[in-house]
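>>> what follows is a predicted structure for the sequence shown.
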Amino acid sequence: MLSVLLLLLGGIGFILLKNWVKVRKFWIMRTRAVQFLDEIPGPPTIPLLGSAHLFKWDNEEFTYQLDRWAREYMVKVQPTTGVMKFSRQIEGWGREIFNNTENPLRDHGVMKVWVGPVPMVFLASCDAAKPVLESNTLITKPSQYNIVKQWIGEGLLISTGKKWYARRKMITPTFHFNILQGFYEIFFAQANILADLVDKFADTDQTVDLLPYVKRCALDIICETAMGTRINSQTGKNVDYVQAVNRLSQLIWDHERFPWLWFQPIWYLTGMGFEFDRYVKLSSDFTRKVILQRRGVLEGKGLLGEMQSMSPEEIRKHKLSFLDLMIGMQTTHNLSDEDIRAEVDTFMFEGHDTTSSGIGWALWWLGQELDIQKKCHDEIDEFFGDSDRAIIAEDLKSLPYLEMCLKEALRLTPPVPLFGRTLDHDLKIAHYTIPEGCTVFMSPMAAARDPRHFKHPDMFYPEHFSQEQISQRDPYSFIPFSAGPRNCVGQKFALAEEKSLMATLLRRFKFITMNPEPSNRFLPELILKPSMGFVFNVQRRKQVKS
Ligand code: HEM
């Protein structure tokens, strides 16, 4: 027995010594955090677990718990009794944060939560988040992203410092307007496959949950645009890959929530670690295979040497994907095959769950606000008439109201509900000091419910995005794509894809939401999901002709 104990202590001692520098750094950060964060309100803690022992296992309950904590600690409001509508809760929460003039502490929207021995600070208002977002130095992602890194590698989303600057400079031109224009053909083709699938439910008694349909459509789009490869998931192909991508996101979210899973032995004992590794291998092998194939195709066409000097117009003419451009830049930017794999997988990770969530929520809001949906139909009909010709980039400029609706949905239900940074230096927010090494999280949903910036913070009110209202507002109050130097590089791509898909669907159908608020709750996982899916009754509109 004694020898087992000694062996165990020896093992722990060895691990601590091996990681001495990291342990010391963490200890200093933790000591300063205990001292500085004491003032910031947050839920009760116990040694080692922090507040994690209080976390609800059930995802939906966990969401409600976060909401209760926010009201109780961030804004010092006693929990209300009875069931409140979730969106109204957030509105109330927003009001309490932003309208309170008596207690200056309430005005900042700052809360801390200890997850195990790790402190996290939530910055829920525009003013609290702005100093982090606009900084050129606070660009490091927190350790919570490490699990994502095991899947997508150190691509643009995860890298930091010089590597990030170089990659951002290299990747930004691949989203050139002229290159994006070439993708509209893909958007339209995939949107039509989606519309044909939806059509099977139209004018029947059957309702349909559109979430999995839109998700597969967005996955097909990102595979074709980012990798130059058709996976046809909409028509039931490549099931293994689709399942791997879906399951990885779920496993990552569980890993984030429960600190005991951060210990490798527990992660593997639960079986989740093995499952995660299996799916990471499946997904990475898929990307590696595609890289090899595309290199062969480019060599075959004699394009490999020429791509560096191509104009965006020529790139578009040759229908080159993001991966093709990476392969073209491989030698000049000294990229390994694994570097390319990481960047492509980053796009796969960032580029489909996000857009499908955005489209799903937008339809879900429009399916409840039928007058607003009618205005979208009218705008589309006025522009396209009876034609069902392909939608091209220029067309979308003529649908400003649809764009306002999409942005309003992004405001109320942002697909990325939280994003974080590790502080490389102490940061002062209002009268709080948040120490170096601490993790901060920004919440676009909370920031966008501020009545000082939005006239009707809890309502679906597209006029929030009229030119007049936009020009009067602090841009940091609307941050679904983050903001500042580390904002979403795919923002224009995402809006173009969303608008194109929405216009195609709305040309053909009217959507009536069957699970409106408050029954359908927002689940802020890695991506904001509906607790009950996006269930619609679909009605065909007039027949369109080409
Ligand atoms: C509605 C759709 C989308 C939303 C709401 C969204 C939102 C975001 C947010 C909030 C971030 C910052 C994340 C963080 O700091 O941790 C981000 C980063 C990023 N997004 Fe998006 N995104 C969307 C679509 C896309 C698409 C379609 C692509 C690619 C085609 C993409 C590629 C990226 C990349 C590469 C980054 C990392 C940028 C960097 O750190 O320099 N996103 N996105």
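Looks like it arrived, so ask away.
>>> got the phi and psi for Leu523?
Backbone geometry at Leu523, expressed as degrees, to the nearest 10, gives phi -110, psi 110.
>>> what residues are up against it?
By CB atoms under 8 Å, 6 or more residues apart in numbering, the residues touching Leu523 are 59-60, 63, 529-531. All C-beta atoms are positioned from the backbone trio N, CA, C, and that covers glycine.
>>> check those for burial and list the buried ones.
Buried subset of these (neighbour count, 16 or more other CB atoms under 10 Å): 59, 63, 529-530.
>>> so where do the helices sit in the stretch 351-500 of the chain?
Under the criterion DSSP state H, counting those that start in this stretch, the stretch 351-500 of the chain contains helices at 353-366, 370-384, 393-397, 400-412, 444-447, 467-471, 491-508.
>>> center of the protein - which residue?
Nearest to the geometric centre of the chain sits Val416, at 3.1 Å (CA atoms, centre = their mean).
>>> that residue contacts Leu528, correct?
Yes - counting by CB atoms under 8 Å, Leu528 is a contact partner of Val416 at 7.4 Å.
>>> what is the neighbour count of Trp20?
Trp20 has 9 neighbouring residues, counting by other CB atoms under 10 Å.
>>> I figured Ser370 hits Pro516, correct?
Wrong residue type there; residue 370 is Leu, not Ser. No - counting by CB under 8 Å, Leu370 does not reach Pro516; the two are 11.2 Å apart.
>>> just for the stretch 51-200 of the chain, where's the confidence low?
71, 74-108 (pLDDT under 70).
>>> for the ligand, what's its nearest residue on the protein.
Here the chain gets closest to the ligand at one residue, Gly490, 2.3 Å apart by CB to the nearest ligand atom.
>>> surely that residue is in contact with Phe175?
Yes - counting by CB under 8 Å, Gly490 does reach Phe175; the two are 6.9 Å apart.
>>> who has more neighbours out of those two?
Gly490 (23 against 14).
>>> next one, pLDDT for that one please.
You'll see Gly490 listed with a pLDDT of 96.
>>> quick one: contacts for it?
175, 347, 350-351.
>>> just the C-alphas of stretch 376-392, formatted as CSV.
In CSV, the C-alpha atoms belonging to stretch 376-392 read as follows (Å, rounded to 0.1, in the frame of the first residue of the first chain):
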residue,chain,number,x,y,z
CYS,A,376,-38.8,39.8,-48.0
HIS,A,377,-41.0,37.9,-50.4
ASP,A,378,-42.2,41.2,-52.0
GLU,A,379,-38.6,42.4,-52.3
ILE,A,380,-37.5,39.2,-54.0
ASP,A,381,-40.6,39.0,-56.3
GLU,A,382,-40.2,42.6,-57.3
PHE,A,383,-36.6,42.0,-58.3
PHE,A,384,-36.7,38.5,-59.9
GLY,A,385,-40.3,38.5,-61.1
ASP,A,386,-41.4,35.0,-62.2
SER,A,387,-37.9,34.0,-63.2
ASP,A,388,-36.0,31.2,-61.4
ARG,A,389,-32.7,32.1,-63.0
ALA,A,390,-29.4,31.6,-61.1
ILE,A,391,-28.7,34.2,-58.4
ILE,A,392,-25.4,36.1,-58.9
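>>> which one is Pro41 nearest to, not counting chain neighbours?
Counting by CB to CB, 6 or more residues apart in numbering, Tyr73 is the residue found nearest to Pro41 once chain neighbours are left out, at 4.0 Å.
>>> who's in contact with the one you found?
Tyr73 touches 41-43, 111, counting by CB under 8 Å, 6+ apart.
>>> tally of neighbours for Thr204?
By other CB under 10 Å, 11 other residues sit near Thr204.
>>> and the lengthiest helix in the chain, what's its mean pLDDT?
When the chain is parsed with DSSP state H, its longest helix is helix 272-300. For helix 272-300, mean pLDDT is 94.
>>> in it, which residues are buried?
Neighbour-count burial for helix 272-300 [16+ other CB under 10 Å]: 272-273, 275-276, 279-280, 282-284, 286-288, 290-291, 294-295, 298.
>>> repeat that for stretch 163-175.
164, 167, 170-171, 174.
>>> that stretch close to the ligand?
Yes - contact between stretch 163-175 and the ligand, assessed by CB under 6 Å from any ligand atom, occurs at Arg168.
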